[in-house]
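Enquirer: Take this sequence and fold it.
(2 chains)
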Amino acid sequence: AQKVTQAQTEISVVEKEDVTLDCVYETRDTTYYLFWYKQPPSGELVFLIRRNSFDEQNEISGRYSWNFQKSTSSFNFTITASQVVDSAVYFCALSEANTGTASKLTFGTGTRLQVTL
Amino acid sequence: NAGVTQTPKFQVLKTGQSMTLQCAQDMNHEYMSWYRQDPGMGLRLIHYSVGAGITDQGEVPNGYNVSRSTTEDFPLRLLSAAPSQTSVYFCASSLRPAGHSGNTIYFGEGSWLTVV
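Expert: Residues are numbered from 1 along each chain as shown, chains lettered A, B, ... in the order given. Here you go, the predicted structure:
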C-alpha cells in the first residue's frame, strides 16, 4: 500500500526566511508520481509540481524548489525568501502508474505554513 | 479550478437524511474522483472513475455511492448521513491518469458538509 508522511504538522517562519517542507513516501511500485499541492485559506487546491519516479533531477521555479531523492524516498519542498502569501497548507501526494489505479492520489496529512511579518 | 463545478458549496444535514453532492466538468475528462478532507488527515479517496460506466472504491468508500452515467458528471450520494461524514468534499478530474506527462488534475472548490 502507498503511504505519504508529512511529519511537520505546522511551521512558523518570519518573512524572508527559507523553509523546507518534508515529504517521505512509501510504495512498492517502481514507477510512480509525486505531487505537491497548496491549499490557501480560501480552501481551493492549487497544483504546484508533478515528478515521475524516473526523474530525480531537482527543479526550481522562482522561489520554489524541490529535492527528489529515491534513495531516501523523499520529495522535499523548499520556499526561499518566504512571503506572507505563502501561508497555506501544503500537501504532498503520490500516485501509482498502473492504469487502473492511476487516477488515485494518496495524500499526506499536510503541513501548515504560517509566514509572519 | 476552472472547469470542475461542485454543488452545493455548503450543506447542513440531519442524521439519517440523504443527499447528493454534484460534480460536473466540461473538459471531456475520463478520470474523476471524490476525496474527503478531515482535520489532520489530509485528503482521502472515496470513489473514483476511469470513464463513463466505470467506478471503483477508494480508501474510505463506506456510506457513499457513486455512478458515472455520463463523462461530464460524477455525483456522490450519501444514503443515510452520519455525523462522521461531516467533512469537506473535493471532486477532481483529469484527462489522463494522475501522473501522465503533461496531465493536470483539476479540483473543484470543495463542498462543506455538516451532519448534525
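
Enquirer: any residues touching the helix or strand of chain A with the lowest mean pLDDT, and which ones?
Expert: Between all helices and strands in chain A, the lowest mean by mean pLDDT, DSSP states H and E belongs to strand A:59-61, at a mean of 85. The contact list for strand A:59-61, computed with CB atoms under 8 Å, 6 or more residues apart in numbering or on different chains, reads A:49, A:51, A:65-66. From N, CA and C alone the C-beta is placed, and that goes for glycine too.

Enquirer: those strands in the chain, which residues are they?
Expert: Here I'm looking at chain A. A:3-5, A:10-14, A:19-21, A:24-26, A:32-39, A:46-52, A:59-61, A:64-69, A:74-79, A:88-96, A:106-107, A:111-116 (DSSP state E).

Enquirer: not quite, I wanted chain B
Expert: Taking DSSP E as the criterion, chain B carries its strands at B:4-7, B:10-13, B:19-25, B:31-38, B:42-51, B:54-57, B:64-66, B:76-78, B:87-94, B:106-107, B:111-115.

Enquirer: Between those, which one is closest to A:F75.
Expert: When these are compared by CB to CB, strand B:42-51 sits nearest A:F75, at 15.0 Å.

Enquirer: before we move on, back to that, walk me through which strands the least confident helix or strand of chain A pairs with, and which way each runs.
Expert: Using DSSP bridges, strand A:59-61 pairs in its sheet with strand A:64-69 (antiparallel).

Enquirer: Run the angle between the partner strand and strand A:46-52 for me.
Expert: Calculated by axes from the mean of the first three to the mean of the last three CA atoms, to 10 degrees, strand A:64-69 forms an angle of 30 degrees with strand A:46-52.

Enquirer: With adjacent residues omitted, what lies nearest to residue 7?
Expert: You didn't say which chain, so I picked chain A. A:D22 (6.0 Å; CB to CB, 6 or more residues apart in numbering or on different chains).

Enquirer: think we crossed wires, I meant chain B
Expert: B:Q22 (4.7 Å).

Enquirer: ok, the one you found - contacts?
Expert: B:5-8, B:73, B:75 are the contacts of B:Q22 under CB under 8 Å, 6+ apart.

Enquirer: Near B:L45, how many other residues are there?
Expert: When neighbours are counted by other CB atoms under 10 Å in any protein chain shown, B:L45 registers 22.

Enquirer: separation between it and B:Q37?
Expert: 11 Å (CB to CB, to the nearest Å).

Enquirer: check contacts around the residue in chain A positioned nearest to chain B.
Expert: Closest contact between chain A and chain B, by CB to the nearest CB, is at A:Y33 (2.6 Å). Applying CB under 8 Å, 6+ apart to A:Y33 gives the contacts A:50-53, A:94-95, A:97, B:98-99.

Enquirer: Minimum pLDDT in those residues, which residue is that?
Expert: In terms of pLDDT, the lowest of the contacts of A:Y33 is B:G99, showing 67.

Enquirer: Tell me how far the worst-scoring helix or strand of chain B on mean pLDDT lies from the chain's centre.
Expert: Within chain B, no helix or strand scores below strand B:106-107, which has a mean of 90 by mean pLDDT, DSSP H and E. Average the C-alpha atoms of strand B:106-107, do the same for its chain, and the two points are 11 Å apart (CA atoms, centre = their mean, to the nearest Å).

Enquirer: which residues are in contact with that strand?
Expert: Outside strand B:106-107, the residues that touch it by CB under 8 Å, 6+ apart are A:44-45, B:1-4, B:25, B:27, B:29, B:90-94.
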